[in-house]
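Asker: only geometry, no sequence info:
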């Protein structure tokens, strides 16, 4: 991957999260609603980390550390949130999740691990690790997310 590859992955991931990534239709199924809230929280943490990495907001080591902690915690909750195969017109969860739940949970673990090890002590540390998080997000979304 080129030197700009991780940055491009990050930009594309943030764009996916911030440009209508979650359906405009409100979910009625409580399980789907809870999953979507979890993904919204992940989007918020990525917005903080990505904004700092891209220079769109000032780097704040404490805020970055808190976003990293929340992201890792949220990622650890993904398997349980998707365990029940609930459907709703608002869902963006692809049926493939439950066809290969082991792979889906492995991809969630990649996100959790990438978030856990993300350095937040300096802007350089953040920039060095944010691409791995973006790759974990996009790797899962390519297979397991339906664009509504």
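Answerer: Thanks, I have it. Note that this is a predicted model, so its numbers are computed, not measured.

Asker: pretty sure residue 125 is touching residue 117, no?
Answerer: No - using Cβ atoms under 8 Å as the test, residue 125 is too far from residue 117 to be in contact (10.4 Å). No exception for glycine: its C-beta is placed from N, CA and C like everyone else's.

Asker: right, and the helix or strand after the lowest-mean-pLDDT helix or strand in the chain?
Answerer: Ranked by mean pLDDT, DSSP states H and E, the weakest helix or strand in the chain is helix 5-18, scoring a mean of 55. Counting by DSSP states H and E, the next helix or strand C-terminal to helix 5-18 is helix 30-53.

Asker: How far does whichever helix or strand comes after that next one sit from its chain's centre?
Answerer: Next in sequence after helix 30-53, counting helices and strands by DSSP H and E, comes helix 61-82. For helix 61-82, the separation from the chain centroid amounts to 9 Å (computed by Cα atoms, centre = their mean, to the nearest Å).

Asker: Of residue 125 and residue 117, which one has the most company?
Answerer: More neighbours surround residue 125 than the other of residue 125 and residue 117, with 15 against 12 (other Cβ atoms under 10 Å).

Asker: Who are the contact partners of the more buried one?
Answerer: 118, 119 (Cβ atoms under 8 Å, 6 or more residues apart in numbering).

Asker: low pLDDT regions in this protein?
Answerer: 1-24 (pLDDT under 70).
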